[in-house]
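In: model this:
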Amino acid sequence: MDSYEEWLIKQNLSDSSKGNYIRAINFLKAELNNAYTKELFESDDLSAIDKLLKEKAFIEINNRHHHVYSAALRHYRKYIEETAKSDKDMDGNSQSIKDEIIEALKELGGSGSLEEIYNSVKNRNILDLNKYKDWRAQIRKVIYLYSSDADKVFKGQPRDYNDIFYAIQGKGNGIWGLRNFGQDPRNGNSEDKEVKLMELNNVELIEHIYSYISSIGFSYSYSNIKNLFLSIRSKPFVIISGISGTGKTKIVQLFAEAIGATEKNGQFKLIPVRPDWSDSSDLLGYRDIKGEFVKGPLTEIVEHALDNPDLPHFVLLDEMNLARVEYYFSDVLSVMESRKKDGKGRFSSSPLLPSYDESLTLPGNLYVIGTVNMDETTYSFSKKVLDRANTIEFNEIDLLNFDSMMDNEPIEPIRVSNDVLESTYIHLKDAFQTHEALIRKVSEKINTINDYLVPIHAQVGYRVRDEISFYMAHNTEGGMLLTENEAMDFCMMQKILPRISGTESVVRPVLKNLEEELKQYPKCTAKITEMIARLDDHGFVSFWTA
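Out: Reported below is the predicted structural model:
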C-alpha cells in the first residue's frame, strides 16, 4: 500500500495543494504529540480525526493557517478509508459484521447511536467478538465503509446511493440510520418502500401543475406555468419580479407542491433574505467561536438533495434583493457555472464549501428561484447576475377573474422524478446535433440584437445565447409547449430587455431599434412601449417597474 505522500501525489490536486497537505500532516505528527494524534497516525480508527478537529490547540492553529490543516485531515481520512477498503484482512469479516449491524439497527427501529449499535451486536451474541483486537473499532469501520456519509466525507465525490447506512446526526460518534428502513428521519417518508415516481412528458406535466394550482383556488395563466417550467429546465436559477401582491412567492410554492416537493418532506425550502446579509456565510454557513461549522439554510437542503438524487428540490429566496445578491450569492453563482455531467449522466460541480466539505457540491436536482420587488428598499441586479438567470416578470393582474373561486374537483399532487425538470444540456454542443436549424436561427437573431445593444454596452455573450437555445430546444421536446414565436418572446423578455437601463440620450435609440426588431413578439412590444413612456416621463429608464 502506498504511503500517504505517494497516495496524495496521485490525486487530482494542484502541486501547491499537495505540498501544503503533506507539510500540514507532518506538522501535526511532530507538534501535536497528544493522545488524539497518536491514535490518528498509528491506527485506522477514523473517529480520531473527529476528536482532533475539536481539540482547542488544533482549532487555533487551523484558524491561523486558513483551515489548511482541516483540509489536509480530510484528505488523510480519505487515504485511510481507501487503505481500509483494500485491506485483505478486513475483507473476510466485513460481510458478517455488516449483517449484524443491519440486524442491530432493525432492532433499534432503523436508527441508533454507536453505543446502542455496539450493545445490540454484543447482546445478539452471533459474532465472536473476542477474535478482534478492538471489536468496536471494527463495527465503526464497517459503518464507514458502507455509508453515504463516508463516501461524502472521505472520497471527495458524490455519494454512493447504494450504500446501506447514513449519518443522521453528526459523524463519528453520532447517530446512524439504516437506509430504506421505515421512516427516514431526514425526509419524513414513512413508507417502507420506494415512492413511485410519475414519468410524464412536458405537456402532461404542465397540464397537471396547472390543474392542481387551479383546483385549490389560485389563478395563473397557462403560458406563465409553461414559461416557469421551461425557465427552470434551461437553467436552475430563476428570478421572478413584479409588483407586490401578484403571487410571485405563491406560484413557486404551488409549482413545487404540485410535483410533490414540500417543506415537510424536505424537498422545498423558503429562505427569507435579510437586508444585513453581506457574504455567503449567511446562506451557506460559518464556523463559530469553537471552530465548529454551523450549517446555513441552503447547505441543509443541498445535503438533502444529494441524499435523494431522483427527487427535485426547490429553494425559494424570498425578496432576494433586500441585500446585494452579488455579495451573498456570488459563490453559489460561480459554482453553478462549474456544473458538468459525470460518467453516470448526473450533474456535479465544484465544492460549495471547500473549507468545510469538498464533496458538498451543487446537485442537479436543486432549483433556486428568487422573488424580487423593486423599490427604494431594494438593490438592482448587475449584468453578472442577469446573465445567469431567467428573469420572469409578474405584473399581470385581473381583479375580475373569479374562475378560481368556483368549486373545482380536487387534484392530488404527484411525486415526479427529477428527470422531468433536469436540463438535457449543459453545453451548446449537446443540443446542436438534434436542434441545429433552431440554434442557428436563435443565434442569428441574438447577433442582430447585439448590434443594437452596443451603444449601451449591454451585448450578450455565449452564456445567454446557449441558455436561450436550451429554452427553445426544451420547448420542442416531449410535446410542443409554446409556439416558436411565443417561446422567443419569453426569451427576449427575460434575457435581453432586463439588461437595458440608462438616460434619454443613449437608451431611446436602442429601445426604438428593438421595438422594430421585436415587433412580432407581443410581450416584448408591450414592455418596450412601457419603457419608452417611462423614459418620456423621467429621462431615465430601466427594465424594472417599481
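In: And stretch 479-489, end to end?
Out: The stretch stretch 479-489 measures 19 Å between its terminal residues, going by CA to CA, to the nearest Å.
In: mind listing what's buried in it?
Out: Buried residues in stretch 479-489, counted by 16 or more other CB atoms under 10 Å: L481, L482, E486, A487, M488, D489. For every residue, glycine as well, the C-beta is placed using N, CA and C.
In: my guess is Y79 meets W7, correct?
Out: Yes: distance between Y79 and W7: 5.0 Å, which falls inside the contact criterion (CB atoms under 8 Å).
In: Quick one: neighbours of I175, just the number.
Out: Other residues lying near I175 total 15 when counted by other CB atoms under 10 Å.
In: Check the gap between it and L108 for me.
Out: I175 sits 10 Å away from L108, going by CB to CB, to the nearest Å.
In: Contacts only, for the nearest residue to K495 once chain neighbours are set aside.
Out: The shortest distance from K495 to any non-neighbouring residue, by CB to CB, 6 or more residues apart in numbering, is to V464 (5.3 Å). Residues in contact with V464 (CB atoms under 8 Å, 6 or more residues apart in numbering) are D387, I446, K495, I496.
In: Which strand or helix spans the second one?
Out: Think I446. Using DSSP states H and E, I446 sits within helix 436-453.
In: Helix or strand next in line after that helix, which one?
Out: Next helix or strand after helix 436-453 toward the C-terminus (DSSP H and E): helix 462-476.
In: For that next one, buried residues please.
Out: Going by neighbour count (16+ other CB under 10 Å), the buried part of helix 462-476 is 464-476.
In: swap in stretch 528-546?
Out: Across stretch 528-546, burial judged by 16+ other CB under 10 Å covers I528, M531, I532, L535, V541, S542, F543, W544.
In: Phi first, then psi, for the first one.
Out: Dihedral pair for I528: phi -60, psi -40, per degrees, to the nearest 10.
In: Can you tell me how far the closest residue to T448 other than its chain neighbours is from M336?
Out: Residue nearest to T448 in three dimensions, not counting chain neighbours: E517, with 6.6 Å by CB to CB, 6+ apart. To M336, E517 is 30 Å away according to CB to CB.
In: cool, and K445?
Out: According to CB to CB, K445 stands 26 Å off from M336.
In: again with Y521
Out: Remark: distance between Y521 and M336 (CB to CB) = 28 Å.
In: Just give me how far stretch 432-440 sits from the chain centre.
Out: On the basis of CA atoms, centre = their mean, to the nearest Å, stretch 432-440 is displaced by 29 Å from the centre of the chain it belongs to.
In: Check the separation of the first and last residues in that stretch.
Out: Chord length of stretch 432-440, first to last residue, is 9 Å (CA to CA).
In: What is the neighbour count of E292?
Out: Around E292 there are 11 other residues, counting by other CB under 10 Å.
In: so who does it touch?
Out: Neighbour list for E292: K54 [criterion: CB under 8 Å, 6+ apart].
In: pLDDT (mean, whole number) over stretch 24-33?
Out: Computed over stretch 24-33, the mean pLDDT rounds to 68.
In: who are the neighbours in contact with the residue nearest to T448?
Out: Taking CB under 8 Å, 6+ apart as the criterion, E517 is in contact with T448, I449, Y452.
In: one step back: comparing Y79 and W7, which shows the higher neighbour count?
Out: Shown here are Y79 and W7; by other CB under 10 Å, Y79 has more neighbours (22 against 17).
In: helices and strands around the host helix or strand of the more buried one, which ones?
Out: Y79 belongs to helix 68-85 when assigned by DSSP H and E. In terms of contacts (3 or more CB pairs under 8 Å, 6 or more residues apart in numbering; DSSP states H and E), helix 68-85 is packed against helix 4-9, helix 15-31, helix 47-53, helix 56-64, helix 135-145, helix 148-155, strand 357-361.
In: now, of those, which is deepest in the fold?
Out: Of all the helices and strands packed on helix 68-85, helix 148-155 carries the top mean neighbour count, a mean of 23, counting by mean count of other CB atoms under 10 Å.
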